[in-house]
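Peer 1: Build me a structure from this.
(chains A and B)
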There are 2 protein chains.
Amino acid sequence: MPVLVMKFGGTSVATLDRIRRAAKRVGVEVAKGYDVIVIVSAMSGETNKLVGFVEETSPLFDAREYDAVVSSGENVTAGLMALTLQEMDVPARSWQGWQVPVKTTNAHANARIEEIPTDNISAKFGEGMKVAVVAGFQGISPEGRITTLGRGGSDTTAVAFAAAFGAERCDIYTDVDGVYTTDPRICDKARKLDKIAFEEMLELASLGAKVLQTRSVELAMRYKVRLRVLSSFEEQSDEAGTLVCDEEEIMESNVVAGVAHSRDEAKMTLVSVADRPGIASAIFTPLAEAGVNVDMIVQNISEEGHTDMTFSCPTNQVARAEKAMKDAQKNGSIDFQEIIADEGVCKISVVGIGMRSHTGVAAKMFQVLAKEGINIKVITTSEIKISVLIDRKYMELAVQALHDAFDLDKAA
Amino acid sequence: MPVLVMKFGGTSVATLDRIRRAAKRVGVEVAKGYDVIVIVSAMSGETNKLVGFVEETSPLFDAREYDAVVSSGENVTAGLMALTLQEMDVPARSWQGWQVPVKTTNAHANARIEEIPTDNISAKFGEGMKVAVVAGFQGISPEGRITTLGRGGSDTTAVAFAAAFGAERCDIYTDVDGVYTTDPRICDKARKLDKIAFEEMLELASLGAKVLQTRSVELAMRYKVRLRVLSSFEEQSDEAGTLVCDEEEIMESNVVAGVAHSRDEAKMTLVSVADRPGIASAIFTPLAEAGVNVDMIVQNISEEGHTDMTFSCPTNQVARAEKAMKDAQKNGSIDFQEIIADEGVCKISVVGIGMRSHTGVAAKMFQVLAKEGINIKVITTSEIKISVLIDRKYMELAVQALHDAFDLDKAA
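Peer 2: Numbers count the residues shown, from 1 in each chain, chains lettered A, B, ... in the order given. Prediction:
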């Protein structure tokens, strides 16, 4: 039998009624002849409640105990989903991570899946079981303790199972009906994409589109797992949602697939840094050690042996970044004139695999922003993405103007 | 190091504050030099919530999935207790049932513990860990699935660990401060006992005293585990609570240890049953098959080949018992003139190991009841217990009169 993986997020299993609704969707796929692996999250709110308990109990918690506590929400949903399917006469049973076992590293609270043996579940499929319900987000360490995969980890669980079982597809049921060309809340012309390439989805995910966890997209790309994102709140056909797939499956596409934005960015500049070999390492090592997530980095031209170094990071890490830089200055590892923080910026990106073969995307983007009178503060590019920092007050305007200019409201 | 087992029930871990309070008690015992095994229940209300989810999802639920769901509450408390102890600088870690592993039968939802290997936890004690926090109520079946031990099963978990580790004592922290001579709500002279023998506690537990689960007392008696019942809501000394122990530890005791009552009893009489070999089996087999918990059984003298058979059962099983008897009459396996149900009775028992060596306890009990004008409807006796059925309206009166007559308000 072909295998299908179906993942239901927290809002899709928030109540017993919603679990029943999700189970009906599973029943439809079983009727088509699939052996189905269902990955479930905790009922929405449960994991936050448990994380709250842990943080209140112990601010610097032992991550092994954190994992033992916060993984319990998924166990509840897995059992309830199996019972609901049984009530619908669909042969089903639940598995907790350690029962499969989902073998992970021992990086507690942020573990990586290393191996998923398929023999247990495959044997049950062979005996007539139709649905294996697996608690998402969790696994077992080499020491036999419970691990979790980090927030949103159930997406990663789903993709990893799809890869291990050679599933035909991995359907991610969520509270949105697919991947959009941009955020519909700030651009009413945003259009749902039928298909998007792994690379594009990866850029969009890391740029703040909250539809899929970045790691799950990486994993899907590596193992060529066809991912479908769709809503658990609507009746669904086989063509519903957005298919995240290899670019070879996408016959026609726009040069630009989408416009992404990230609101809470800050631009930091170290003025007049000594320009010498090793200076970048001397700056960014202490920032990394301080837990600052540096995103864009720009080094200006050097004058008389000095240069300005600019980088961006989330606004809530500005204080930490300033402290790290001043400490580094005190201990003599770097020297600079001053540090300037601009906390009023945002990041706008255009993403599309078409950029590889089409020139002029960057030029067009800069023209559009210039025409709107928007000043660009920092630019970075990758093979399939161009990102700029601009003043935050222009965010909506920039997104809408770029969406129009690249004709994203129209299918290719 | 000597090992001490401490068990905290649902009300004792109902909030993070109460978990801290319990952890402080654990810290006191660690400071005395014990290696401590802490058994925790779910936060009060959690297990009921989960059972509610299961029953709403699937009235005739798969007990294997029921176990997977309802066991999760204990996992949360175990992790939180370990974190709380760590915050107090007490080296601690949590274990879920399958991690120990607590090996049980595969009678899901009502499993029995078969073996608790001590090597894992002992090794950690050897490495300097001071407290092993174990999720109560759960284990793992021979098939590797999660099992639960039935309601109140955490008491049984605690006693089983105390037996496996040869613990000096098993302290059961609960919301009452010990075992009383009778229910303080209906007799204000009720007195807390310092010590009570296993056999007496067993009779009291099965007679409805809700302090300890009957099975846990049986297990403690078999393995000579000294059990102490005490309150988690009061400052405690070494002599607090009630010690449930071997009778050899009790130097002086009253002939009668306590008076128990059970309110919702019914008395059923089958009138004029054919008195022939096998008649008792023909009556009580269909009752057992109908799930009727028959308690007392009395067979009156036979006249002209017929007899009256009387038994008691909980009032909410009367309808079921009547149906079972009428069905048996229809299919010809028994014959009787009529069936009479008296749903207005209660059971009063006096319990004490002193009865083995002292005569006259039954006679005194009957005199006391007669003096109060209370008619006795059924009598049964065991080696250390005498029970009677009387009209429910006399329940408080009977308990108070017996408590006075046997001087239970005074220590031996």
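Peer 1: Where is the longest strand in chain A?
Peer 2: If you go by DSSP state E, chain A has its longest strand at strand A:258-274.
Peer 1: Flag every buried residue along the next helix or strand after it.
Peer 2: For strand A:258-274, the following helix or strand on the C-terminal side (DSSP states H and E) is helix A:279-289. Of all the residues in helix A:279-289, those buried under the rule 16 or more other Cβ atoms under 10 Å in any protein chain shown are A:Ile279, A:Ala282, A:Ile283, A:Phe284, A:Pro286, A:Leu287. C-beta coordinates here come from the backbone N, C-alpha and C atoms, glycine included.
Peer 1: three-state assignment of the residue in the stretch 251-400 of chain A that chain B sits nearest to?
Peer 2: Using Cβ to the nearest Cβ, the closest approach of the stretch 251-400 of chain A to chain B is made by A:Gly291 at 22.0 Å. Of the three states, A:Gly291 takes coil under DSSP: H, G, I helix; E, B strand; the rest coil.
Peer 1: If you drop the residues flanking it in sequence, what lies closest to it?
Peer 2: Counting by Cβ to Cβ, 6 or more residues apart in numbering or on different chains, the nearest residue to A:Gly291 once its immediate chain neighbours are dropped is A:Arg320, at 6.7 Å.
Peer 1: that older thread, so the residue of the stretch 251-400 of chain A closest to chain B makes contact with A:Gln317?
Peer 2: Yes: using Cβ atoms under 8 Å, A:Gly291 makes contact with A:Gln317 at a distance of 7.5 Å.
Peer 1: picking up where we left off before, since we're on the residue of the stretch 251-400 of chain A closest to chain B, how many residues are nearby?
Peer 2: A:Gly291 has 10 neighbours, counted by other Cβ atoms under 10 Å in any protein chain shown.
Peer 1: Need the pLDDT of it.
Peer 2: pLDDT, A:Gly291: 85.
Peer 1: hmm, what's the outermost residue in chain A?
Peer 2: Seen from the C-alpha centroid of chain A, the residue lying at the greatest distance (Cα atoms, centre = their mean) is A:Glu304, 42.9 Å away.
Peer 1: Now do the phi/psi pair for that residue.
Peer 2: phi 50, psi 50 (degrees, to the nearest 10).
Peer 1: which parts of the stretch 251-400 of chain A sit against chain B?
Peer 2: Within the stretch 251-400 of chain A, no position lies close to chain B (Cβ under 8 Å from any Cβ of the partner chain).
Peer 1: could you pull out the strands for the stretch 251-400 of chain A?
Peer 2: Ranges of strands in the stretch 251-400 of chain A, per DSSP state E, counting those that start in this stretch, are A:258-274, A:297-299, A:306-314, A:338-351, A:378-382, A:385-391.
Peer 1: can you redo those strands as CSV with mean pLDDT?
Peer 2: CSV is the format used below for those (pLDDT from 0 to 100):
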stretch, mean pLDDT
strand A:258-274, 92
strand A:297-299, 85
strand A:306-314, 91
strand A:338-351, 94
strand A:378-382, 88
strand A:385-391, 93
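Peer 1: what about A:Val5, which SS state?
Peer 2: Under three-state DSSP, A:Val5 falls in the strand class.
Peer 1: Provide a list of residues in contact with it.
Peer 2: Applying Cβ atoms under 8 Å, 6 or more residues apart in numbering or on different chains, we find A:Val5 in contact with A:36-39, A:158-159, A:161-162, A:165, A:167, A:169-171.
Peer 1: of all the residues you listed, which two lie farthest apart?
Peer 2: A:Val36 and A:Val159 (15.4 Å; Cβ to Cβ).
Peer 1: give me every residue that touches A:Thr381.
Peer 2: A:Ala362, A:Ser387.
Peer 1: Might you report the residue contacts of A:Gln299?
Peer 2: Per Cβ under 8 Å, 6+ apart, neighbours of A:Gln299: A:Ala280, A:Thr307, A:Asp308, A:Met309, A:Thr310.
Peer 1: Where neighbours are concerned, which of those residues has the most?
Peer 2: Within those, most neighbours by other Cβ under 10 Å means A:Met309, with 23 neighbours.
Peer 1: wait, that one sits on A:Ala274?
Peer 2: No: applying Cβ under 8 Å as the test, A:Met309 and A:Ala274 come out as separate, 10.5 Å apart.
Peer 1: Next up, the contacts around A:Leu80.
Peer 2: A:Leu80 sits next to A:Val13, A:Leu16, A:Ile19, B:Phe53, B:Val54, B:Thr57, B:Glu65, B:Val69 when contact means Cβ under 8 Å, 6+ apart.
Peer 1: can you give me the helices for the stretch 151-300 of chain A?
Peer 2: A:153-164, A:198-206, A:214-223, A:279-289 (DSSP state H, counting those that start in this stretch).
Peer 1: domain ranges for chain A?
Peer 2: When chain A is parsed with automatic domain parsing, its domains come out as A:3-175, A:259-405.
Peer 1: What's the end-to-end length of the last one?
Peer 2: This means domain A:259-405. For domain A:259-405, the first-to-last residue distance is 11 Å (Cα to Cα, to the nearest Å).
Peer 1: Next, count neighbours for A:Ala220.
Peer 2: A:Ala220 sits with 28 neighbouring residues when counted by other Cβ under 10 Å.
Peer 1: Give me the distance between it and chain B.
Peer 2: Using Cβ to the nearest Cβ, to the nearest Å, one obtains 29 Å as the distance from A:Ala220 to chain B.
Peer 1: in terms of contact, does that residue touch A:Val159 like I think?
Peer 2: Yes: A:Ala220 lies in contact with A:Val159 (Cβ under 8 Å); the separation is 4.8 Å.
Peer 1: what sits in contact with each of these two?
Peer 2: Both A:Ala220 and A:Val159 are contacted by A:Cys170, A:Leu227, under the criterion Cβ under 8 Å, 6+ apart.
Peer 1: coming back round to it: next one: the longest strand of chain A to chain centre, how far?
Peer 2: Chain-centre distance of strand A:258-274: 21 Å, with Cα atoms, centre = their mean, to the nearest Å.
Peer 1: Now do it against strand A:338-351: the angle between them, please.
Peer 2: 150 degrees (axes from the mean of the first three to the mean of the last three Cα atoms, to 10 degrees).
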